[in-house]
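K.L.:
3D model of this:
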Amino acid sequence: MTNGGKTEKSYLEALKRKVPRDSGLSVQIRPEDGKEPETILRNLERERSDLSGYDEIWIIVDHDGRDRQDFLAKCEKRGMIGVVSVPCFEVWLIAHYEQVRLYREQADAQRHYRQLTELKGRDAKGLPDNFPFDRVAEAAKRCCLTGKPLPAVNAQGPSPSTTMPHLLRRLGLLPES
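P.N.:
You can find the predicted model right below:
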């Protein structure tokens, strides 16, 4: 699940197609465009009986300038996994191209992503046709500032950082570290 209706959804849909058919994994993506992470959790709780067929539920959200520790604690308590990108999901996308930088705010990271991809206007919240999905291993090393460790599962790291590599490892798209 993700609260990102465009960028995250596009990335996750492409990622789903890369999961090996023989992995035994069935990946479903459910965007909850613009909803607060806590709202997504509440909605999932209401549907709990419908979720019994899932082994794992991952919720991908942006930091958006808000501390997400409480959201992550609730995810862990409910047996779900929260992925927080600080300050935003574009940090993970940037890492596919180069080492992330220190971003003062979300707009700085989004601007950097647009510069790297040359996407403009309405397309700026998407992925270019030539997005380097083959660089996930490099992205996993470059998604935090140099010398900073990858945050743990269900943890919020410093800015910039993301815990997306944990999801890719679970999907078999990255080797265990």
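
K.L.:
Next one: Asn43 relative to Ser85, how far apart?
P.N.:
Distance of Asn43 to Ser85, computed by C-beta to C-beta, to the nearest Å: 21 Å. Any C-beta I mention is one placed from the backbone N, CA and C, and that applies to glycine too.

K.L.:
Would you mind telling me which of these two has the busier surroundings?
P.N.:
Neighbour count, other C-beta atoms under 10 Å: between Asn43 and Ser85, Ser85 has more, with 29 against 13.

K.L.:
quick one: contacts of the helix or strand of the chain with the lowest mean pLDDT?
P.N.:
Lowest mean confidence among the helices and strands of the chain (mean pLDDT, DSSP states H and E): helix 37-46, at a mean of 87. Helix 37-46 is contacted from outside by 1, 3, 32, 35, 51, 57, 59, 61, 68, 70-71, 74-75, 78, 80, 82, using C-beta atoms under 8 Å, 6 or more residues apart in numbering.

K.L.:
again, only this time at 10 Å
P.N.:
1-3, 30, 32, 35-36, 50-51, 57, 59-64, 66, 68, 70-72, 74-75, 77-78, 80, 82, 84 (C-beta atoms under 10 Å, 6 or more residues apart in numbering).

K.L.:
Please flag which of those residues sit within helices.
P.N.:
70-72, 74-75, 77 (DSSP state H).

K.L.:
Out of the residues you listed, which end up buried?
P.N.:
71-72, 74-75 (16 or more other C-beta atoms under 10 Å).

K.L.:
in this protein, which ranges drop under the pLDDT threshold?
P.N.:
Low-confidence segments of the chain (pLDDT under 70): 47-49, 177.

K.L.:
For it, just list every one of the strands.
P.N.:
Applying DSSP state E to the chain gives strands spanning 58-62, 81-86, 161-162.

K.L.:
Fine, thanks again, bye for now.
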